[in-house]
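Novice: curious how this folds, go ahead:
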Amino acid sequence: MNSQVYAKIEGMNDFSTDPFGSDSPLDPESTLFIATEAEATCPPRGPTDAPADPSLYDPILPVGSGAMGEVFLARDRYLLRRVAYKTLHTQTQQDAEALVRFVREVQITAQLEHPNVIPVYHLEKTARGWAYAMKLVFGKTLKTLIQEGCEQRTLLEYFLNVCDAMAYAHEHGVIHRDLKPANIMVGPHREVYVMDWGIARRMAETTGLETPIQFQDIPDLMEHAEGDFETTQVGKILGTPRYLSPEQATGHNHKLDGRSDLFTLGLILQEILTLQPAYKAPHMQALLRKVLKAQREPLPMHLPRELRAIVRKATHRKRDDRYGNVRALQADVSRYLRGEAVSAEPDKLHQQLLRWMKKHALLTASLVVLLCTILGLLAAGSLYRQSQQTQRLKTQQTRLIALQNRVARQAHLINNHFLHIENQLKRFNANLESQLFSTLPARPVFFEHDYLNHPPPDFAYAPRYAKLISKAHGVLLPQSSKIDPTHLKALSHLPSALQHAFATEALTWAHVLLPDLYFSYPGKRAYPLDYRPQDTAWAKASARNSHRPSWSRPYIDIQGQGIMLAVAMPVKDPQGKNIGTTALSLSLPYLISHVLTLDDLPVEQSYLVNEKGETQINTRDGKRMSGMHFGMNVQNTVLDTPLFDVPELVSAITQKQSGFYRYLKNGRAKLLAYYPLNALGWYYVVEVDESELFAATR
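Specialist: Alright, predicted model coming up:
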């Protein structure tokens, strides 16, 4: 069952049926509520004195429960349709503050008659207390779609629907104050609903219930707002921490207008474009400091300039420098999708010309033909030569664009490959950390001397490694005279967890280094007597970063597998202290043949170059090192990584640029196409002979 059932009710968590779970409370995208004595004593707006009548709805099954109430999948007794039915808990029915918020949400939502606002069917008072029914929505939240990597244009079209709903609400005097991807539902027929109007209010309302806070109040606030950033919380700030506008974060809720929601829409737009939250922080206090200063995460330069300009204007710290209203934001996004100029960053003259030519391609072509005809009347012979040259230049330009696009796509695939390896390492590391404190019994282990005397049953020759290995077991090398039994037991469970990851040839070795033991998988023998895993390239890479995976410099494998590249990260105990290192190694021949090579282009060489312009990998290294056997190189030798021999490329990389560069090498024109690999912080560089590239198009 792929669809999810959501009933977004103010004051409660997101609700879903059990197969899909629910968002965890207390996180950076959770709504912060303000609760004061004045609001608690304010009578609810609604027919509170109406007599209790029998309910019009029969609950079928509960789909979620929160601090204030519970949501049921229910059946309308008369219309026989299924609805989402929200009731308050018995103790909450006696809470005047809860009743105020409950009735306010129903009234505001019901009055916003818009196709992108979830419709409310009925408000009733029964023997159980107050409850209401609304449309039952099947689908996914925008947050889920972003996490799943939904196509960008589709997400932008959903975003336009959200803008339409919010513009309608603002035009009717209502601000939402809790917009976030988790509060936006997309149904199976691409219908979009803005949910959770629980803390919405009319812009004209000034109840005096929301006390402003100052920047220095943040430490006190932390006592009530620590935890995750995405769960409904109670404190001085009203809204969701990760999606607050600066003015909303100060607590001046009575001064908010539609531009606060507009700021949040800008944050959501950035998240759609980058698939990452606009604010990132290690804890709540740091997050709120960023919010107050509108310090978003920088937008990647590869995004279109129009989209970057739209986000900047929508999320400007000063309200007067933002769009005047949501309609203006919506119009700019629509213009971008239609290929038109946006008001946030108007086109310059040359950009206007290029955009006009693209939009009027037929007219442009007609003018060119007319010009060629006139020239032909004047000099037929000259026209023929000119048309031939024009066609050749056009073909060459097309080929250059195709080269640039092809290398960019390959760079994206390479980046995903390295991210996949990092994720495998994280799972490997997490498995080890859990096993260190597991109560499972130990499994058989094999030290290096066991492989010489009594090897595992599956110890056999593997053509890929050109040696005897065990895929069912690893090998252990003592690093201390005293071995911790807990470490030994934890390492005994790792081979079964690694077998699936090593089913393909993407990975060559797995390593674990603890103070008393070194573990390697697959199992093998014949380590040098002076082998010290602490001196390996992967161990040094892990020491450079204590929080996330780090990639090593290329090095020569002591087991004869050629040039290797490894990613490593520290092992931590429950207190966060580093107690060891895990690493995964992959071979250069595999990278060259399966990842770096472009068979459909006349590529001479491909490179991986780090952020300093130093060459880490050259595809010719694979040919140079092929056929290398054990003992041919000094163990763990780290390869030299000289600066790339084209200074202009080094300069472009250090300035974090991408594109292509033309230069002369031994009298022949060469093209270098280069694009970033964010997973490593490196660049993918492809060298093509210009004459061969153009010859392939004739």
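Novice: can you name the next helix or strand after the lowest-mean-pLDDT helix or strand in the chain?
Specialist: In the chain, no helix or strand scores lower on mean pLDDT, DSSP states H and E than helix 37-40, which sits at a mean of 35. Remark: after helix 37-40, the chain's next helix or strand is strand 57-65, criterion DSSP states H and E.
Novice: report the distance from that following strand to the chain centre.
Specialist: With CA atoms, centre = their mean, to the nearest Å as the basis, strand 57-65 stands 34 Å off its chain's centre.
Novice: list the buried residues of that strand.
Specialist: By 16 or more other CB atoms under 10 Å, the buried positions in strand 57-65 come out as 57, 59, 62-64. Backbone N, C-alpha and C define where each C-beta goes, glycine included.
Novice: how about stretch 246-255?
Specialist: Buried residues in stretch 246-255 (16+ other CB under 10 Å): 246-251, 253.
Novice: of those, which is the nearest to Glu422?
Specialist: The closest of these to Glu422 turns out to be Ala249 (CB to CB; 33.4 Å).
Novice: and the closest one, what does it touch?
Specialist: Ala249 is in contact with 237, 239, 288, 291-292, counting by CB atoms under 8 Å, 6 or more residues apart in numbering.
Novice: now those residues as TSV including neighbour count, pLDDT and secondary structure?
Specialist: As requested, these are exported to TSV (neighbours: other CB atoms under 10 Å; pLDDT from 0 to 100; DSSP: H, G, I helix; E, B strand; the rest coil):
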residue	neighbour count	pLDDT	secondary structure
Ile237	27	69	coil
Gly239	28	84	strand
Leu288	24	91	helix
Val291	26	94	helix
Leu292	17	93	helix
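Novice: JSON lines for those, including distance to Phe459?
Specialist: As requested, the contacts of Ala249 are exported to JSON lines (distance: CB to CB, whole Å):
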{"residue": "Ile237", "distance to Phe459": "62"}
{"residue": "Gly239", "distance to Phe459": "61"}
{"residue": "Leu288", "distance to Phe459": "58"}
{"residue": "Val291", "distance to Phe459": "58"}
{"residue": "Leu292", "distance to Phe459": "62"}
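Novice: now for these, which pair is the farthest apart?
Specialist: Farthest pair in these (CB to CB) is Gly239 and Leu292. Separation: 13.0 Å.
Novice: pick out whichever of the contacts of Ala249 sits closest to Leu517.
Specialist: Set against Leu517, the nearest of those by CB to CB is Leu288 (44.0 Å).
Novice: so that closest one sits right up against Arg242, yeah?
Specialist: No. Leu288 lies out of contact with Arg242 (CB atoms under 8 Å); the separation is 10.1 Å.
Novice: could you list the low-pLDDT ranges of the stretch 351-500 of the chain?
Specialist: Where the stretch 351-500 of the chain drops to pLDDT under 70, the residues are 381-384.
Novice: which residues in the stretch 301-450 of the chain form helices?
Specialist: Under the criterion DSSP state H, counting those that start in this stretch, the stretch 301-450 of the chain contains helices at 305-314, 326-337, 349-359, 361-378, 380-435, 448-453.
Novice: count of neighbours near the closest residue to Asn415 other than its chain neighbours?
Specialist: Computed as CB to CB, 6 or more residues apart in numbering, the closest residue to Asn415 that is not its neighbour in sequence is Leu677, at 4.6 Å. Look at Leu677: counted by other CB atoms under 10 Å, it has 21 neighbours.
Novice: can you pull the contacts of Leu677?
Specialist: Listed by CB under 8 Å, 6+ apart, the contact set of Leu677 reads 411, 414-415, 418, 608, 683-684.
Novice: also Glu271?
Specialist: Neighbours of Glu271 in contact, by CB under 8 Å, 6+ apart: 146, 181, 277-278.
Novice: mind putting these in TSV, secondary structure, distance to Leu307 and pLDDT included?
Specialist: Formatted as TSV, the contacts of Glu271 follow (DSSP: H, G, I helix; E, B strand; the rest coil; distance: CB to CB, whole Å; pLDDT from 0 to 100):
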residue	secondary structure	distance to Leu307	pLDDT
Ile146	helix	15	96
Pro181	helix	17	96
Pro277	coil	17	95
Ala278	coil	13	95
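Novice: nearest to Thr364, of those?
Specialist: Closest approach between the contacts of Glu271 and Thr364, by CB to CB: Ile146, at 38.0 Å.
Novice: now that closest one: how far from Leu269?
Specialist: Between Ile146 and Leu269 the computed distance is 11 Å (CB to CB, to the nearest Å).
Novice: the two: which is more packed in?
Specialist: Each of Ile146 and Leu269 had its neighbours counted (other CB under 10 Å), and the higher figure belongs to Leu269 (23 against 19).
Novice: the more buried one contacts Phe159, doesn't it?
Specialist: Yes. Contact criterion CB under 8 Å: Leu269 and Phe159 qualify, at 6.2 Å.
Novice: run a quick neighbour tally on Asp689.
Specialist: Residues near Asp689, counting by other CB under 10 Å: 16.
Novice: tell me the bridge partners for it.
Specialist: When bridges are called by DSSP bridges, Asp689 pairs up with Lys670.
Novice: would you quantify the distance from it to Leu671?
Specialist: Here the criterion is CB to CB. By it, Asp689 lies 8 Å from Leu671.
Novice: so Tyr121 lies in a strand, does it not?
Specialist: Yes. Checked against DSSP: H, G, I helix; E, B strand; the rest coil, Tyr121 lies within a strand.
Novice: contacting residues around it?
Specialist: Applying CB under 8 Å, 6+ apart, we find Tyr121 in contact with 76, 83, 132-135.
Novice: ok, the buried residues of stretch 246-255 vs Leu354, which is closest?
Specialist: Set against Leu354, the nearest of the buried residues of stretch 246-255 by CB to CB is Pro246 (36.6 Å).
Novice: what sits against the closest one?
Specialist: Taking CB under 8 Å, 6+ apart as the contact definition, Pro246 lies against 263, 291-294, 317.
Novice: what distance do you get for the closest residue in space to Gln499 that isn't next to it in sequence to Trp509?
Specialist: Counting by CB to CB, 6+ apart, the nearest residue to Gln499 once its immediate chain neighbours are dropped is Lys471, at 6.3 Å. As judged by CB to CB, Lys471 and Trp509 stand 12 Å apart.
Novice: now swap in Thr126 and tell me
Specialist: Distance, Thr126 to Trp509, by CB to CB: 66 Å.
Novice: still on that earlier bit, farthest pair in the contacts of Tyr121?
Specialist: Set against one another by CB to CB, the contacts of Tyr121 have their most distant pair in Asp76 and Tyr132, with a gap of 12.6 Å.
Novice: who has more neighbours, those two?
Specialist: Neighbour count, other CB under 10 Å: between Asp76 and Tyr132, Tyr132 has more, with 23 against 16.
Novice: what helix or strand is Val512 on?
Specialist: Assigned by DSSP H and E, Val512 belongs to strand 509-513.
Novice: what's the first helix or strand after that strand?
Specialist: By DSSP H and E, the next helix or strand past strand 509-513 is strand 517-521.
Novice: packing partners of that next one?
Specialist: Secondary-structure packing of strand 517-521 (3 or more CB pairs under 8 Å, 6 or more residues apart in numbering; DSSP states H and E): strand 475-478, helix 485-492, helix 494-498, strand 509-513.
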